[in-house]
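1. Coordinates for the following, if possible.
(one chain, ligands or ions: 1)
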Amino acid sequence: MPSLWRAGAGVAAAGAGALAYAGLVERNAFTLRAFELPVLPVGADPIRVLHLSDLHLMPAQRRKVRWVRDLARLEPDMVVNTGDNIANPNSIEPLLHALEPYLDLPGAFVLGSNDYFAPGRRNPVDYLVKKRVRPRTPRLPTGELVEGLAEHGWRDLSNARGALSVKGMRLGLVGVDDPHLNYDDYDSVSGAADPAADPAADPAADLTVGITHAPYTRVLDAMTRDGAELLIAGHTHGGQLAVPFYRALVTNCDLDTGRVKGVSRWWPGANGLPSSGAPPRAAWMHVSAGLGTSPYAPFRFACRPEASLLTLVPSDARRG
Ligand SMILES: [Fe+2]
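-> Okay, here's the model as predicted:
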C-alpha cells in the first residue's frame, strides 16, 4: 500500500476511534467539579450550592438520572438549575425523578432553548461554526416543566426576581429568560433606575446572584452593573468538543472561550476584563459545562459532562 494511503487510513481510523470514544465513553463519563467562591459577608457560614445545567434528558437515560440523584450525598444547602433540562416531551417525569432529592431545598431555575423547543437534526459541525440557529422544531411541554420545578418552591427566575433565605443569609436573585433565543428582558427586572446612585439590585440582600442559561455578555454586564456579585450560567457545554491540553473552540454565544466553563471574574463593559473606566467591583462567575448534549450531536471530547458544587464562603473584600 502506498505510504500516502496508509497515512490516510491511519487518520481515518484515529478519527473513527475518537468519535466512538466521544459518543460512547466521554459523553457518559459524568463528573463533579467543586469550586470555592469568596462572595459572602465576613462571619457568614459557608453555603453549598449544587449547580445543575443542560441535562438534555432523554427518557431512557436512567444512568444519568441515577447519577444526578446520587449527588444528594453532597448535602447541598440549595440548588441552581440553569436550564436545557429536557430533550423529549416524555422527559418531564424522569427529570423530576432525577431532581426529586432537591426539590424541597431552596432552589432557583431559569430556562434554556431546550426547555422550549425539541432538539432538531443538525449537522454536528454546525455547533462549531454557527452562533445561533432559530428553532423550527416542535414545542416541548414548558408549562408542565415549570410547574414541576416550581411546585415545591424553586424560584422561576425567567425575567424575574426572587429571594431565598439560606443559613441565615438573604440571597437576592435575579434572572433572565434564555438570551440565546433573545427572550431575555433585563430592563424588566433591573433593580436600580440609576445604578450609580444605588448599585445594589436588592439592598436588603447579603448577596445578589444573577442567573442565566446562556452567558451572553449583554446579560452579564447588565447583572453586574445592577449589583450582582455572583453570576451562574450554563449553555456552553464547555465547548462540547475541545482540543486536549488546549481549549474549547466555541462557547455557542459571545462569551470568550477562556470562560467556557469554570470560575472567572467578570468586570462589566469590556468583555469581562478590567478596564480603566470599569467599576472597582467585579462579579464572580461560574459557567457549567452541563450534563448532556443534543441527541443529534451526542459527542463530548476533552470536556466531560459535569455537575458543580459551589461553596460560597466569606470574603475579606466584603469586610465592613
Ligand atoms: Fe444545552
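
2. switch to C-alpha atoms for all contacts and neighbour counts from now on
-> Fine.

3. where in the stretch 101-250 of the chain is pLDDT low?
-> The stretch 101-250 of the chain contains residues with pLDDT under 70 at 122-135, 192-201.

4. please redo it, this time with the cut-off set to 90
-> 120-138, 191-204, 240-249 (pLDDT under 90).

5. Just give me the neighbour total for the residue in it that the ion sits nearest to.
-> As assessed by Cα to the ion, the ion sits closest to residue 235 within the stretch 101-250 of the chain, at 4.6 Å. The local packing of residue 235 (other Cα atoms under 10 Å) involves 30 other residues.

6. Please report how far it lies from residue 212.
-> Residue 235 sits 9 Å away from residue 212, taking Cα to Cα, to the nearest Å as the criterion.

7. tell me the contacts of the closest residue to residue 283 other than its chain neighbours?
-> Closest residue to residue 283 apart from its sequence neighbours, by Cα to Cα, 6 or more residues apart in numbering: residue 229 at 4.4 Å. Contacts here follow Cα atoms under 8 Å, 6 or more residues apart in numbering; on that basis residue 229 touches 39, 207-210, 282-284.

8. so what's in contact with residue 235 and residue 212 at the same time?
-> Common neighbours of residue 235 and residue 212 (Cα under 8 Å, 6+ apart) are residue 82.

9. Which secondary structure element is home to residue 99?
-> Using DSSP states H and E, residue 99 sits in helix 92-99.

10. elements contacting that helix?
-> helix 62-70, helix 142-150 (3 or more Cα pairs under 8 Å, 6 or more residues apart in numbering; DSSP states H and E).

11. and if we set it to 7 Å?
-> Helices and strands touching helix 92-99, as assessed by 3 or more Cα pairs under 7 Å, 6 or more residues apart in numbering; DSSP states H and E, comprise helix 62-70.

12. Report the rounded mean pLDDT for the helix it packs on.
-> For helix 62-70, mean pLDDT is 98.

13. For the stretch 151-300 of the chain, what lies in contact range of the ion?
-> residue 235 (Cα under 5 Å from the ion).

14. what are the ranges of the strands in the stretch 151-300 of the chain?
-> 155-156, 160-166, 169-175, 207-212, 230-233, 262-266, 283-287 (DSSP state E, counting those that start in this stretch).

15. Mean neighbour count, those: which tops it?
-> Of the strands of the stretch 151-300 of the chain, the one with the most neighbours on average (mean count of other Cα atoms under 10 Å) is strand 207-212, at a mean of 29.

16. What strands flank it, and is each parallel or antiparallel?
-> Applying DSSP bridges to the sheet, strand 207-212 is found paired with strand 169-175 (parallel), strand 230-233 (parallel).

17. of those strands, which approaches residue 111 most closely?
-> strand 169-175 (9.7 Å; Cα to Cα).

18. Surely residue 17 is within a helix?
-> Yes. Residue state for residue 17 (DSSP: H, G, I helix; E, B strand; the rest coil) corresponds to a helix.

19. Report the separation between the spatially most central residue of the chain and residue 286.
-> Taking Cα atoms, centre = their mean, the centroid of the chain lies closest to residue 234, which sits 1.6 Å from it. Using Cα to Cα, we find residue 234 at a distance of 8 Å from residue 286.

20. Check residue 153 too.
-> According to Cα to Cα, residue 153 stands 23 Å off from residue 286.

21. and what of residue 292?
-> Counting by Cα to Cα, the gap from residue 292 to residue 286 is 18 Å.

22. And for residue 111?
-> Residue 111 is 17 Å from residue 286, by Cα to Cα.

23. that older thread, ok, which of the strands paired with strand 207-212 comes nearest residue 203?
-> strand 169-175 (8.6 Å).

24. now that closest one: how far from the chain's centre is it?
-> 17 Å (Cα atoms, centre = their mean, to the nearest Å).

25. Likewise for stretch 171-182?
-> That offset, for stretch 171-182, works out to 11 Å (Cα atoms, centre = their mean).

26. can you start the count at 45 instead of 1 from here on
-> OK, 45 is where the count begins now, so the last one is stretch 215-226.

27. just the CA coordinates of it, formatted as PDB?
-> Taking C-alpha atoms only, stretch 215-226 is exported to PDB below (Å, rounded to 0.1, in the frame of the first residue of the first chain):
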ATOM      1  CA  LEU A 215     -29.900  35.800  48.800                       C
ATOM      2  CA  GLY A 216     -31.300  38.300  46.300                       C
ATOM      3  CA  LEU A 217     -31.800  36.500  43.000                       C
ATOM      4  CA  VAL A 218     -32.300  38.000  39.500                       C
ATOM      5  CA  GLY A 219     -32.600  36.000  36.300                       C
ATOM      6  CA  VAL A 220     -33.400  36.300  32.600                       C
ATOM      7  CA  ASP A 221     -35.200  34.100  30.200                       C
ATOM      8  CA  ASP A 222     -33.000  32.500  27.500                       C
ATOM      9  CA  PRO A 223     -30.700  35.000  25.900                       C
ATOM     10  CA  HIS A 224     -29.800  32.500  23.100                       C
ATOM     11  CA  LEU A 225     -33.400  32.900  21.900                       C
ATOM     12  CA  ASN A 226     -33.400  36.600  22.600                       C
END
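
28. Thank you, goodbye.
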